[in-house]
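**Q** no sequence for this one, just the structure:
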């Protein structure tokens with residue numbers, strides 16, 4: 001590892017973060033911290049984190065660098081941490097500003113209705129996952145809106 005690897009321009013160590021789905025690269029950049037919705041609870045990854053491989057649940061993924069944070073809605077997937085690199089392979093991933101709130105709300109309502117319809121059947125699990133994904137999208141989109149409308 002070279003002397004410059006793992007160092008930000010201001011001399012602080014950083015993580016290199018890649019967020020990808022099956023069809024696109026969503027993020028490729030540096031971070032001081034990554035907060036991810038793992039299967040067994042939320043995890044925070046800092047510089048020099050121990051190697052990790054975990055399953056992601058639908059939820060909000062946050063990438064922080066300096067005083068800025070970018071939020072992403074992920075629909076599940078995997079996170080791998082190794083040598084100050086964080087690779088996230090997500091089923092779906094959207095930046096907060098990409099989320100169409102009306103569409104996400106319609107998906108939430110549709111999934112809720114399907115859960116009632118499929119109660120006690122195998123399809124219930126799919127409807128539950130759809131509901132969790134749509135709730136995550138709504139949470140991320142609404143948190144962006146509240147941050148952008150709050151006074152500085």
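**A** Okay, I see it. Just so it is clear, the structure is predicted and the values come from calculations on it, not from any experiment. Numbers count the residues shown, from 1 in each chain.
**Q** Now residue 29. Nearest residue, chain neighbours left out?
**A** The shortest distance from residue 29 to any non-neighbouring residue, by CB to CB, 6 or more residues apart in numbering, is to residue 17 (6.2 Å). C-beta here means a position set from N, CA and C on the backbone, and glycine is covered the same way.
**Q** show me the contacts for the residue positioned nearest the centre of the chain.
**A** For the chain, residue 61 is the residue whose C-alpha lies nearest the centre (CA atoms, centre = their mean; 2.6 Å). Residue 61 sits next to 19, 34-37, 71-74, 88, 90, 93 when contact means CB atoms under 8 Å, 6 or more residues apart in numbering.
**Q** Try it again at 10 Å.
**A** Counting by CB atoms under 10 Å, 6 or more residues apart in numbering, residue 61 makes contact with 17, 19, 26-27, 34-37, 42, 70-74, 77, 79, 88, 90, 93, 136, 140.
**Q** got it, and residue 41?
**A** Shown in contact with residue 41 (CB under 10 Å, 6+ apart): 54, 57.
**Q** Next up, phi/psi of residue 40, please.
**A** Torsion angles at residue 40 (phi, psi; degrees, to the nearest 10) stand at phi -100, psi 20.
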